[in-house]
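Q: Test case, fold it:
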Amino acid sequence: MQKKISDLRRLLFAVIVVEALLLFFFRVGLEKGILSATIILIIQGIMFVYLTDRIETLTHEQASGITEALGDSARDAFLFGMTGMIMYDDDYVITWMSELFEQRGIDRIGSKVLSWLPEVDPLISGSSDSVQVQLDDRIYSICRREDEPVLIFRDITEEHNAVLSYEEGRPVIGIAVLDNYDESTQYEDDATVANINLAVRTPLTDYCADHGIMLKRISNSRYYMVLNEKIFSDLAADHFSIINTIRKAAQKQDISITLSLSFARGTSSLTELDEMAVRLIDLAQSRGGDQAVVQIAGEDVKFFGGSTEAAEKRSRVRVRVMANSLRELITRSSNVIICGHRNMDFDCVGAAIGVARFASALHKQVCIIGKTGGIEEKLSAVLKENEEELKREVRFVTENEAINQLQENTLTVMVDHHNSKQSNGSRLLESAKKIVIIDHHRRSTDMGVQPILVYIEAGASSTCELITELTPYISSRVEFSQLDANIMLAGMMIDTNRFHTRTGSRTFEAASALRKLGADPMEVDEYLKDTYDEFTVKASCMAVAKRHDHGILTVPYKERPLSRSVMSQVADRLLSIQDVEAVFVIADNTEGETSISARSNGSINVQIIMEAMNGGGHMTAAAMQRKRCSIDELEAELLEQIDIYFKEVNHESDSEE
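A: Okay, the predicted model is just below:
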């Protein structure tokens, strides 16, 4: 409005100047009497000044007189409702502000709207209906009248604070478990147990007391926690530092106790929160413990920590209980179908053969899905070489053939995997009624099936180790051929990198049992030898390795697709180089995907890095696959996740200090 008035003033002034020049021309140049015209000109000048001043006065009165037009009651209503308005011109310069702003000491008349409040740009451009801004200590919701240069402010500070208070006060249920506590204390004297309790229990109780968490011990190693969202946000900002505190305290006592935490959020139903917390703590422990597992109702599970390898903690009693449950399920079934993961390896096939022997010993028809989903190259050569012997002892079928054998009372056993998306019998699993899972990988959040028995032991070296331990408790009639024992031993050797990683005392006991069953280490070694072509491929792959900080090697190989087994073997080989802490081999695989195979010596948790890229695995061995994509882009994403991982590690180290 002010600009229009200024333009009008300039225009009228220009007209008067032109008229004056014309009068001068007539008076001097043409010598005409122009008294009357001069009088008119003077009158026009006076009228110009009067009219422009009057327009400005009226404009000011229009702005300041809105209150008078609406009346004191309307003004009071606007103030009571904490609502204000501003008007602006075509240049977005503020021309008027209501009494609310005057009352609060805010005067921006003459300023541009976007210079004062850049947050309202989406509002003025029409891309948003309303925005929120903070002025001083107040929160305002701003909307704009369509096609009108008016912004309406509504003070929502009280509402905002009420919502924030409600959100921060929502209940959170947590469970804390001291992993391996019973195993670490069962044979110790009272004095030693007291020292252990002081070392690991006191920091936990102090931590909860400092943060205002209600902590209730419900068993020797299990605690129940009640807190709210505000307290939980403080714990998350602290990166659950108590996990590292307990681990360090236990290490000083020379014990392997760690802390697992679960937190259930996002609903006001205490029953639902309790069920979620129990389920999450089971998930945390099945993944090896030493981590926090968090879930908001209806959303994906998130993991924090998990920086130590899963320890052996399954007892003989647990093995016996699992064996009895499995035997009973097989006995009550009409037949047994065994499925493995896609691109089956020695551990997968060895475990499948072991379960098939269980079913045969219990006089049940059994088949293994082995003609769908692919088989690893070296294993395929072994199976082909011993095809005649295998035909007499094991029946391999396609997924369609297995589906044709599926009955209401069929028992389906998933070995060496627990996610239906990874299975070579995924369509079968959609219809199966009774499913058992036997696996040694850290448990993921979504299995895709509803199993009636789950035996997942992340502390085990391989699934073949688990099957070997179950054998004595299934039946005395279970028999393994030398070929069976060789394949199972090969599975253990590959998954432990020839007993270098993820190897515990139970691993050697299982290997010893297989040796007694006829396994020949020399023959197994022949299974695992490279061909000359494999050797040259691995050499060319290792030649493109890149070295990064923290002792990390990345191997972006683009020459040809590689099998997953070759990728993992290249990673294992490079890991043997001095000062190399972790290796990531990136290549297109033979299944039409782009993959990363990750290996670590234990100082870097490659599982966390791979899980951040929708993969998974163990602390020292993990992988991920996705649809065929650029290897360079995948490497860049990997390096970004590695940076994030080390930022988290450094933060944990700083918090410990």
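
Q: Distance from the strand or helix carrying residue 585 to the middle of the chain?
A: Using DSSP states H and E, residue 585 sits within strand 582-588. Averaging C-alpha positions (Cα atoms, centre = their mean, to the nearest Å) puts strand 582-588 21 Å from its chain's average.

Q: Strands of the stretch 251-400 of the chain, start to end?
A: For the stretch 251-400 of the chain, the strands defined by DSSP state E, counting those that start in this stretch occupy 258-265, 291-296, 302-305, 335-339, 365-369, 396-397.

Q: just the stretch 1-150 of the chain next, same as before
A: Counting by DSSP E, counting those that start in this stretch, the strands of the stretch 1-150 of the chain are 83-88, 94-97, 130-135, 138-144, 150-155.

Q: Ok, which of those comes nearest residue 516?
A: strand 130-135 (72.3 Å; Cβ to Cβ). For glycine as for every other residue, the C-beta is placed from the backbone atoms N, C-alpha and C.

Q: could you say what helices and strands that closest one packs with?
A: Counting contacts by 3 or more Cβ pairs under 8 Å, 6 or more residues apart in numbering; DSSP states H and E, strand 130-135 packs against helix 121-125, strand 138-144.

Q: Contacts made by that strand with the rest, please.
A: 106, 117, 119-120, 122-123, 139-143, 156 (Cβ atoms under 8 Å, 6 or more residues apart in numbering).

Q: that older thread, I'd like to know which of the helices and strands packed on strand 130-135 is closest to residue 599.
A: Nearest to residue 599, of all these, is helix 121-125, at 48.3 Å by Cβ to Cβ.

Q: And the contacts of strand 130-135, which of them are buried?
A: By neighbour count, with 16 or more other Cβ atoms under 10 Å, those hold 106, 117, 120, 123, 139-143, 156 as buried.

Q: Next, format those as CSV and append distance to residue 556 and pLDDT.
A: Converted to CSV, the buried ones among the contacts of strand 130-135 look like this (distance: Cβ to Cβ, whole Å; pLDDT from 0 to 100):
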residue, distance to residue 556, pLDDT
106, 57, 87
117, 48, 88
120, 47, 86
123, 47, 82
139, 49, 89
140, 52, 91
141, 50, 90
142, 50, 90
143, 52, 89
156, 52, 89
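
Q: what would the strands of the stretch 251-400 of the chain look like in TSV with mean pLDDT?
A: Shown next, in TSV, are the strands of the stretch 251-400 of the chain (pLDDT from 0 to 100):
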stretch	mean pLDDT
strand 258-265	94
strand 291-296	92
strand 302-305	81
strand 335-339	97
strand 365-369	96
strand 396-397	94
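
Q: Return stretch 82-93 as CSV; C-alpha atoms alone will do.
A: Backbone C-alpha positions of stretch 82-93 (Å, rounded to 0.1, in the frame of the first residue of the first chain) are rendered in CSV as follows:
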residue,chain,number,x,y,z
MET,A,82,-3.9,-15.5,22.2
THR,A,83,-4.5,-14.9,18.5
GLY,A,84,-2.7,-12.2,16.5
MET,A,85,-2.6,-11.0,12.9
ILE,A,86,-0.1,-9.2,10.7
MET,A,87,-0.7,-7.6,7.3
TYR,A,88,1.9,-7.1,4.6
ASP,A,89,2.1,-5.4,1.2
ASP,A,90,3.0,-6.7,-2.2
ASP,A,91,6.7,-6.7,-1.3
TYR,A,92,5.9,-8.7,1.8
VAL,A,93,6.8,-5.8,4.0
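
Q: Which of the residues in that stretch are classified as buried?
A: Buried residues in stretch 82-93 (16+ other Cβ under 10 Å): 82-88, 93.

Q: Mind checking the pLDDT average for that stretch?
A: In this model, stretch 82-93 has an average pLDDT of 85.

Q: How far away from the center of its chain is it?
A: For stretch 82-93 - counting by Cα atoms, centre = their mean - the centre lies 44 Å from the chain centre.

Q: which ones are touching residue 211?
A: Contact analysis of residue 211 by Cβ under 8 Å, 6+ apart lists 227, 231, 234-235.

Q: Return the list of helices and strands in contact with the helix or strand hosting residue 634.
A: If you go by DSSP H and E, residue 634 is part of helix 631-656. With contacts defined as 3+ Cβ pairs under 8 Å, 6+ apart, helix 631-656 has these neighbours: helix 242-252, strand 552-556, strand 582-588, strand 593-600, helix 606-611.

Q: what's the closest of those to residue 338?
A: Each of the helices and strands packed on helix 631-656 has some distance to residue 338 by Cβ to Cβ; the shortest is strand 593-600, at 24.6 Å.

Q: That closest one: partners in the sheet, and parallel or antiparallel?
A: Strand 593-600 sits in its sheet next to strand 582-588 (antiparallel), strand 621-627 (antiparallel), going by DSSP bridges.

Q: Could you check how far it is from the centre of its chain?
A: 18 Å.

Q: buried stuff in that strand?
A: Buried-residue list, strand 593-600, by 16+ other Cβ under 10 Å: 594-600.
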